[in-house]
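Enquirer: model this:
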Amino acid sequence: MNRPESSTPRSGAQRSRKAILVCPECGHESPPDGDWDVHEENHENRVRETYSCPVCGATVTTRPRFTERHVVTPR
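Expert: Alright, predicted model coming up:
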C-alpha cells in the first residue's frame, strides 16, 4: 500500500507522512486517523482507545485517551 505524501508549503518538496500504523498480522498500513476500527474502553478508571485492523481484526495498538470530556470517575 502506498503511503500518503504531503507537500511542504515553503519548498513544495514531497515528504512521507511520519506516523503510519502497521498491522502485525496482515501488514495493512494506514495513518492513525486512517481506516482503523477504533473502540473506546474503560480500564482501571482510564479511557483507552484500541485500534484494530479493518482487514483482519487484529489489535494494532492501544492508546490512552487524554481529553477531559472522557475522564472516568471512580464509583
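
Enquirer: going by C-alpha atoms from here, please, whenever you check contacts or count neighbours.
Expert: Will do.

Enquirer: give me the low-pLDDT residue ranges for the chain?
Expert: 1-17, 67-75 (pLDDT under 70).

Enquirer: for it, which segments count as strands?
Expert: In the chain, the segments counted as strands under DSSP state E are 5-7, 14-16, 21-22, 29-30, 37-43, 46-52, 59-64.

Enquirer: how about those in CSV, adding mean neighbour count?
Expert: Output for the strands of the chain, formatted as CSV (neighbours: other C-alpha atoms under 10 Å):
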stretch, mean neighbour count
strand 5-7, 12
strand 14-16, 11
strand 21-22, 18
strand 29-30, 18
strand 37-43, 14
strand 46-52, 18
strand 59-64, 15
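
Enquirer: which residues touch residue 60?
Expert: Taking C-alpha atoms under 8 Å, 6 or more residues apart in numbering, we find residue 60 in contact with 21, 22, 23, 24, 50, 51, 52, 53.

Enquirer: ok, for the fifth one, nearest residue in space, not its chain neighbours?
Expert: Yep, that's residue 50 we're talking about. Leaving aside its sequence neighbours, residue 50 sits nearest to residue 62 (C-alpha to C-alpha, 6 or more residues apart in numbering; 4.3 Å).

Enquirer: look up how far residue 37 lies from that neighbour.
Expert: 12 Å (C-alpha to C-alpha, to the nearest Å).

Enquirer: any residues in contact with both of those two?
Expert: In contact with both residue 62 and residue 37: residue 51, using C-alpha under 8 Å, 6+ apart.

Enquirer: sorry, back to before: tell me the one of the contacts of residue 60 nearest residue 43?
Expert: residue 50 (11.4 Å; C-alpha to C-alpha).

Enquirer: show me the contacts for that closest one.
Expert: 38, 39, 40, 41, 59, 60, 61, 62, 63.

Enquirer: how about those residues, which pair is most distant?
Expert: Using C-alpha to C-alpha, these span at most 14.7 Å, a distance reached by 41 and 60.

Enquirer: circling back to that earlier point, wait, the residue nearest to residue 50 sits on residue 48?
Expert: Yes: with contact defined as C-alpha atoms under 8 Å, residue 62 counts as touching residue 48 (6.6 Å).

Enquirer: how many neighbours does residue 28 have?
Expert: 17 (other C-alpha atoms under 10 Å).
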